[in-house]
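> Here's my sequence, what's the structure:
(chains A and B)
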Amino acid sequence: MIMYDVYKLRQEFPMFTNKIKMQGHPLVFLDNASTTFKPQCVIDKMNEYYLYKTSNSHRGDYDLCYGMDQEVSKARRLVAKFINAEENEIVFTSGASMSINLIAYGYGLKFLTKNDEILITEAEHASNVLPWYRISELTGCKINFIPLDEQGHLTCENLRKVISIKTKIVAVAHVGNVLGYVAPIKELAKIAHEYGAIIAVDGAQSVPHIKTDVKDLDIDFLSFSGHKMCGPTGIGVLYGKYHTLDIMDPFLTGGGMNSKFDMCGNIKYLNPPSKFEAGTENLSGIMGLGKACEFLMSIGMENIQKHEESLRKYFLDKISDLDNIIVYNKDASTGIITFNIKGVFAQDEATYLNSKGIAMRSGQHCAKILIDFLHEVATVRMSTYLYTTKEEIDYVVKILKNGGDILDAYFN
Amino acid sequence: MPTLTNEMMREIILEHYSHPQNKMTPSNEYESVHMSSDNCIDDINVYVKINDNVIEDCLWDGVACAISTASTDIMCDLVKGLDKDKALYIIENYLKMIHEEPYDESCLSEANAFQNTSKQAARIRCATIGFNGLKELIDNEKK
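So this is what the prediction gives:
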């Protein structure tokens, strides 16, 4: 096995080599569940489009345009390889939110009726809740919640308690954005299929951090965003089983997705994935995303996962003797650690951390789960990635020891 | 009021954060406005009772961080008993201070404690949420 050299990896990221500072301190970026830094190879690949390859895809007869088609296909193959899918099962979208909306409007709106039901959980991100509410409004179908266990885990046992033949879609996150638990997706998919339902997985917080094999998981849909996995903003993916993509409707219609239409309204759409990619796509973003997949595969997702898990253990060990920190998801295994400093409002703590150069997110993240499971209105969320170091964790622990002096941020 | 030292400013903010005297839900004879933020957790209501152009009472309630709690609470103290134009003058000068423009510090009393807010630019919204709410209430009353 190749040694995991985090310091060498950091050399590939301009946000580190440019020595970015925040409030006069070297930036310690621990908001990777929100977005991630981009390695130079991804930036170069995106620039390649603007510097050498500018053209539209599938529109022209000249070499430049043909070359662009090849680039899009190459990126699609890389994404497919990254999650073990087929090339024609990868739809490029603007991000996970658009991917989920595409499932909701393209599949949900087409196939669900007032007698049907969609199952979600209280821990879902807004982007995996609100599209389903819209479909419920439009079709009259019901939204029901799979109860979480006492710690906030999604379990097979609890899915079995609520699923029925009325259930048509089970829409859940692989890794939750607040508590960072990994859901047993393979088993959940099996149960959903037993009842004739499909499972739509929100992979925004999982695909960048853990190895994802859609064939092994046997899931019907997977949504994820490029920018959370070292890729560009404004580009994301909807994976769908080909048959499912084939029977669903497009969400956007227009150029590049039809093969013919006439004035009588006779329309023939292209086959998936083109059917879902109306208009000129984010070509630079597509090239960058392909490169990001290549970059992550070259490191190895298992290695990234191990690295984040070891940092998590390191942090929890370091703070075990501090009684001013409450950690809400000690038993999770991913890089998301959700906590509060006793007696300090989360937002004030995040500002204090900002004043020390540390980027973390405070917020409700997902209001419902916080109230029901954490009994807190807000928390601070620290989230690591492949480039986070032990030294950064040491620095954070040092700062958190004095985490109660929140007004220091204004009076230093 | 004498120039505030950092220590005094800290004490003022902490006192109003720990013991906000004006944080309560009043009877329904008050006009109210709901203020929330898309980039932070603050979610508050500001209440005002205006009679003959005079702000008889100003209160607030809701979920808020230290900066929004203390600034809104101090604002309530400042405007009670004032006529609307004086209150608007205070709001205007407070907002100027927050945005680092020249302002009349003589009218701001304890609210001067927030003069360093711009050091943490992401928190300007917190320091102004109550003031903006009150301004909206007074402006609506004028119509």
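> So which elements touch the helix or strand harbouring residue A:91?
Under the criterion DSSP states H and E, the helix or strand holding residue A:91 is strand A:90-93. Strand A:90-93 sits against helix A:63-82, helix A:96-103, strand A:236-240, with contacts defined as 3 or more CB pairs under 8 Å, 6 or more residues apart in numbering or on different chains; DSSP states H and E. C-betas here are computed from N, CA, C, even on glycine.
> So residue A:45: helix, strand or coil?
helix (DSSP: H, G, I helix; E, B strand; the rest coil).
> Least confident secondary structure element in chain A?
Taking mean pLDDT, DSSP states H and E as the measure, the helix or strand of chain A with the lowest value is helix A:367-369, at a mean of 67.
> and after that one, which helix or strand comes next?
For helix A:367-369, the following helix or strand on the C-terminal side (DSSP H and E) is strand A:379-383.
> which outside residues touch that next one?
Residues from elsewhere that reach strand A:379-383, judged by CB atoms under 8 Å, 6 or more residues apart in numbering or on different chains: A:30-34, A:178, A:180, A:315, A:328, A:335-341, A:346, A:349-350, A:353, A:360-363, A:365, A:370, A:396.
> try 7 Å this time
A:30-33, A:328, A:335-340, A:346, A:349-350, A:360-362, A:365, A:370 (CB atoms under 7 Å, 6 or more residues apart in numbering or on different chains).
> Please give me every residue in contact with the residue nearest to residue B:58 when sequence neighbours are not counted.
Setting aside the residues directly before and after it, residue B:58 is nearest to residue B:76 in space (CB to CB, 6 or more residues apart in numbering or on different chains), at 4.3 Å. Taking CB under 7 Å, 6+ apart, we find residue B:76 in contact with B:22, B:58-60.
> quick one: residue B:76 from chain A, how far?
Noted for residue B:76: a distance of 19 Å to chain A, by CB to the nearest CB, to the nearest Å.
> same question for the helix or strand harbouring that residue, mean pLDDT?
Counting by DSSP H and E, the element that carries residue B:76 is helix B:66-79. Mean pLDDT, computed over helix B:66-79, is 96.
> where in the stretch 1-150 of chain A is pLDDT low?
Within the stretch 1-150 of chain A, the segments meeting pLDDT under 70 span A:1-2, A:59.
> For chain B, what's the nearest residue on it?
residue A:23 (8.1 Å; CB to the nearest CB).
> Isn't that residue up against residue A:357?
Yes - applying CB atoms under 7 Å as the test, residue A:23 and residue A:357 come out as touching, 5.6 Å apart.
> quick revisit: buried ones in the helix holding residue B:76?
Neighbour counts over helix B:66-79 (16 or more other CB atoms under 10 Å in any protein chain shown) mark B:66-76, B:78-79 as buried.
> before we move on, what about stretch B:84-102?
B:84, B:87-88, B:90-91, B:93-95, B:97-98.
> now the residues you listed as CSV including distance to residue A:322?
Listed next are the buried residues of stretch B:84-102 as CSV, based on distance: CB to CB, whole Å:
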residue, distance to residue A:322
B:84, 50
B:87, 45
B:88, 47
B:90, 42
B:91, 42
B:93, 42
B:94, 38
B:95, 39
B:97, 37
B:98, 34
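> give me the subset of these touching chain A.
Contacts with chain A within those, counted by CB under 7 Å from any CB of the partner chain: none were found.
> Show me which of those residues is closest to chain A.
Proximity of the buried residues of stretch B:84-102 to chain A (CB to the nearest CB) peaks at residue B:98, which lies at 12.0 Å.
> Would you mind stating the distance between the closest one and residue A:162?
Noted for residue B:98: a distance of 49 Å to residue A:162, by CB to CB, to the nearest Å.
> now residue A:233
36 Å.
> which bits of chain B sit near chain A?
Within chain B, the positions near chain A by CB under 7 Å from any CB are B:6, B:9-10, B:13-14, B:40-41, B:63, B:65-66, B:116-117, B:119-120, B:122-123.
> Now for these: which two are most distant?
Farthest apart among those by CB to CB are B:6 and B:63. That separation is 27.8 Å.
> Could you report the neighbour count for the nearest residue to residue A:10 once chain neighbours are set aside?
Spatial nearest neighbour of residue A:10, excluding adjacent residues (CB to CB, 6+ apart): residue A:16 at 4.5 Å. The burial count assigned to residue A:16 is 19, neighbours taken as other CB atoms under 10 Å in any protein chain shown.
> Ok, residue A:321 next?
A count of neighbours around residue A:321, defined by other CB under 10 Å, yields 6.
> OK, contacts around it?
Contacts for residue A:321 (CB under 7 Å, 6+ apart) come out as none.
> same check, this time on residue A:403
Counting by CB under 7 Å, 6+ apart, residue A:403 touches A:324, A:341, A:344, A:349, A:352.
> So what sits opposite the second one in the bridge?
Right, residue A:341. residue A:325 (DSSP bridges).
> from what I can see it touches residue A:324, true?
Yes - applying CB under 7 Å, one finds residue A:341 in contact with residue A:324, separated by 5.6 Å.
> Specify which residue of those two has the higher count of neighbours.
For residue A:341 versus residue A:324, neighbours defined as other CB under 10 Å are more numerous around residue A:341 (22 against 15).
> Please tell me how far the more buried one sits from residue A:22.
Per CB to CB, residue A:341 is found 20 Å from residue A:22.
> now do residue A:307
In this view, residue A:307 and residue A:22 are 23 Å apart by CB to CB.
> Of these two, which one has the most company?
Between residue A:307 and residue A:22, counted using other CB under 10 Å, residue A:307 has the larger neighbour count: 23 against 16.
> ok, for the residue positioned nearest the centre of chain A, nearest residue in space, not its chain neighbours?
Residue closest to the average C-alpha location in chain A (CA atoms, centre = their mean): residue A:204, at 1.2 Å. In this structure, residue A:204 finds its nearest non-sequential neighbour in residue A:96, 4.2 Å apart by CB to CB, 6+ apart.
> Helices of the stretch 1-150 of chain A, start to end?
A:6-10, A:14-17, A:40-51, A:63-82, A:96-103, A:109-111, A:130-139 (DSSP state H, counting those that start in this stretch).
> Distance to residue A:290 added to these, as CSV?
Output for those, formatted as CSV (distance: least, CB to CB, whole Å):
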stretch, distance to residue A:290
helix A:6-10, 19
helix A:14-17, 19
helix A:40-51, 7
helix A:63-82, 3
helix A:96-103, 17
helix A:109-111, 30
helix A:130-139, 27
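> Out of those, indicate the one that is most buried.
helix A:96-103 (a mean of 26; mean count of other CB atoms under 10 Å in any protein chain shown).
> show me what contacts residue 42?
Just so you know, I chose chain A. A:230-232, A:288, A:291-292, A:295.
> Correction: the question concerned chain B.
B:36, B:63-65, B:68, B:126, B:129.
> any idea how far the residue nearest to residue A:369 when sequence neighbours are not counted is from residue A:327?
Distances taken as CB to CB, 6+ apart place residue A:123 nearest to residue A:369, at 4.6 Å, with adjacent residues excluded. Distance from residue A:123 to residue A:327, counting by CB to CB: 17 Å.
> and the two? which has more neighbours close in?
residue A:123 (28 against 17).
> For chain A, what lies in contact range of chain B?
Contact residues (CB under 7 Å from any CB) of chain A with chain B: A:345-348, A:351, A:354-355, A:362-364, A:377-378, A:406-407, A:409-411.
> In helices, which of the residues you listed appear?
Counting by DSSP state H, those place A:346-348, A:351, A:354-355, A:409-411 in helices.
> Hmm, residue A:201 is touching residue A:183, no?
No - between residue A:201 and residue A:183 there is no contact under CB under 7 Å: 8.4 Å.
> I am finished for the moment; much appreciated.
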